[in-house]
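below: sequence and its predicted model.
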Amino acid sequence: MKRVFLIVLDSFGIGGMEDAVSYGDVDVNTLRTVSSSPYFHMPCMRKLGLFQIDGVETAFVETADNKAVSGMGAYARMTEASKGKDTTIGHWEIAGICSHKPLPTYPKGFPKEVLDAFSHRTGRGVLCNKPYSGTEVIQQYGDAHMDRGDLIVYTSADSVFQIAAHEDIVPVEQLYEYCRAAREILQGEHGVGRVIARPFTGPYGGPYTRTTHRHDFSILPPKTTMLDQLSEQGKAVIAVGKIYDIFAGKGITEFVYTGGNEEGIRRTLEYLDKEFEGLCFINLVDYDMLYGHRRDVDGYAKALRDFDQRLPEILNKLQEEDILMITADHGCDPGYGATTDHTREYTPFLMYGKNVRPQNLGTRKTFADIGATVLQYFGIAPDFAGEAMLG
């Protein structure tokens, strides 16, 4: 029984790409920033080859011991070929879709025709309608929302339509229905990557707090992905975390949502104990959501340290024919002060298993090489451009 466990450390970039400046990102490097924290400690990832990846920079001075380790597994620096730096495009490219045209963004807010259609469907007015920090927008507009029942609609540098509502004013399931209505409206030229429900609670006057009932409604992937090809061949495609939402369920045979990194790791360990043949695709979201966007360097470093401490448990559960892959979907440098948005960065790729030869796989031209490698392991020719890395 062949199994691949593909873990995405959401936003764990390893240095600005050559075109980062055109995205407004100057001298960004998530790994270098978090490695400056006293809480940064990743000895297991080091053994897998993290610090041997092309161009990797750290804020600490590497010891002779660091440099002596050539890597237990194969490792590479991944280049994003798509036009963008968000979750949807990053994951789609990992699975084989290269987005040469960026998904639409709305730095000046959404057009009147979109909001009019949305208000007609929901029967509610709209507040804000501009790029905003998710934690700040509810403090700014929460009272008006409580008074009038209007929905807080905002966006970011990413291709997202976010709807915030107090759970006492709009029950969570009703908010999800509003998001489904927005998803039906936002197609074609206004086909944003994700419509996101952002429920919150708190007393009138604040402070307001976002709850864990966030839910993403993604646009349907426009082309065939490795998930489709695997499931069509009768392989299991198991989604852990927000993977199901990112692909709108397309090509996925089983899924489970998680409340954060800890539950994501626990679910991964549970699937390691189960019998199946195919892919277990995991997203660990806390790095991005809790620490990257909030520019919390120490929090990000602690979360990486915690994953590294749990990694031996994952390695010890790998079976003879299993392969573990660890990568990221974009960057979100917590030390970058110009914005609180994602950053355009290379991402790491680490691959380990008894069928994997330890080696430096260099700098790859596209994230799609990961999807091609997964398919290669199962003897399936990819229906997309991507070069497999198993040799």
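Sure, I can see it. Residues are numbered from 1 along each chain as shown.

every contact and neighbour count from this point should use C-alpha atoms.
OK.

stretch 193-210: which residues count as buried?
193-202, 208-210 (16 or more other Cα atoms under 10 Å).

sitting in helices, which of those do you find?
If you go by DSSP state H, these have nothing in helices.

so which pair among the residues you listed is furthest apart in space?
Gly193 and Gly202 (29.2 Å; Cα to Cα).

show me the contacts for the residue of the chain most remote from its centre.
The centre of the chain is farthest from one residue, Asp147, which by Cα atoms, centre = their mean lies 35.0 Å away. Listed by Cα atoms under 8 Å, 6 or more residues apart in numbering, the contact set of Asp147 is empty.

from Asp168, how far off is it?
To Asp168, Asp147 is 12 Å away according to Cα to Cα, to the nearest Å.

where exactly do the helices run in the stretch 151-300 of the chain?
Using DSSP state H, counting those that start in this stretch, the helices of the stretch 151-300 of the chain run over residues 172-185, 226-232, 243-246, 261-272, 286, 297-317.

cool, the stretch 1-150 of the chain as well?
Secondary structure of the stretch 1-150 of the chain, counting by DSSP H, counting those that start in this stretch: helices at 30-34, 43-48, 64-68, 87-94, 112-122, 134-148.

these: lowest mean pLDDT?
Here the lowest mean pLDDT among the helices of the stretch 1-150 of the chain goes to helix 64-68, at a mean of 49.

for burial, what's the neighbour tally of Pro171?
Per other Cα atoms under 10 Å, the neighbour tally for Pro171 reads 12.

on that earlier part again, let's have the helices of the stretch 1-150 of the chain in CSV, adding distance to Leu350.
Converted to CSV, those look like this (distance: least, Cα to Cα, whole Å):
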stretch, distance to Leu350
helix 30-34, 15
helix 43-48, 7
helix 64-68, 16
helix 87-94, 14
helix 112-122, 42
helix 134-148, 32
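
ok, which of those comes nearest Lys354?
helix 43-48 (13.0 Å).

quick one: contacts of the closest one?
66, 69-75, 308-309, 311-312, 350-352.

10 Å - rerun?
Outside helix 43-48, the residues that touch it by Cα atoms under 10 Å, 6 or more residues apart in numbering are 49-52, 66-75, 304-305, 307-312, 315, 326, 349-352, 358.

out of the helices of the stretch 1-150 of the chain, which comes closest to Leu175?
Nearest of those to Leu175, taken as Cα to Cα: helix 112-122 at 9.6 Å.

now the closest one against helix 172-185, angle please.
On the basis of axes from the mean of the first three to the mean of the last three Cα atoms, to 10 degrees, helix 112-122 is oriented at 140 degrees to helix 172-185.

and helix 112-122, how far out from the chain middle?
Here helix 112-122 is found 29 Å from its chain centre; the criterion is Cα atoms, centre = their mean, to the nearest Å.

in it, what's buried?
In helix 112-122, counting by 16+ other Cα under 10 Å, buried: Leu115, Phe118, Ser119, Thr122.

strands of the stretch 251-391 of the chain, residue ranges please.
Using DSSP state E, counting those that start in this stretch, the strands of the stretch 251-391 of the chain run over 254-256, 278-284, 322-327, 347-352, 360-364.

would you list the strands that the last one pairs with, along with their directions?
Partner strands and pairing direction for strand 360-364 (DSSP bridges) are strand 74-78 (parallel).

what about the strand it pairs with, average pLDDT?
98.

residues contacting Ala381?
If you count contacts by Cα under 10 Å, 6+ apart, then Ala381 has Met226, Gln229, Ala372, Thr373, Leu375, Ala388 around it.

Ala236: which of those is nearest?
Looking across the contacts of Ala381 and measuring by Cα to Cα, the closest to Ala236 is Gln229, at 10.7 Å.

residues near the closest one, how many?
Other residues near Gln229 number 18, with proximity taken as other Cα under 10 Å.

pretty sure it contacts Leu279?
No: with contact defined as Cα atoms under 10 Å, Gln229 does not count as touching Leu279 (11.3 Å).

anything in contact with each of these two?
Shared contacts of Gln229 and Leu279, counting by Cα under 10 Å, 6+ apart, come down to Lys235, Val237, Leu375.

comparing the helices of the stretch 151-300 of the chain, which comes out most buried?
Highest mean neighbour count among these (mean count of other Cα atoms under 10 Å): helix 243-246, with a mean of 22.

about what we covered before: among the contacts of Ala381, which pair sits farthest apart?
Among these, the pair separated by the greatest distance (Cα to Cα) is Gln229 and Ala388, at 15.0 Å.

any low-confidence regions in this structure?
61-70 (pLDDT under 70).

ok, the buried residues of helix 112-122 vs Asp383, which is closest?
Checking the buried residues of helix 112-122 against Asp383 by Cα to Cα gives Phe118 as the nearest, at 36.8 Å.

gap between stretch 380-387 and the chain center?
The answer for stretch 380-387 is 22 Å, by Cα atoms, centre = their mean.
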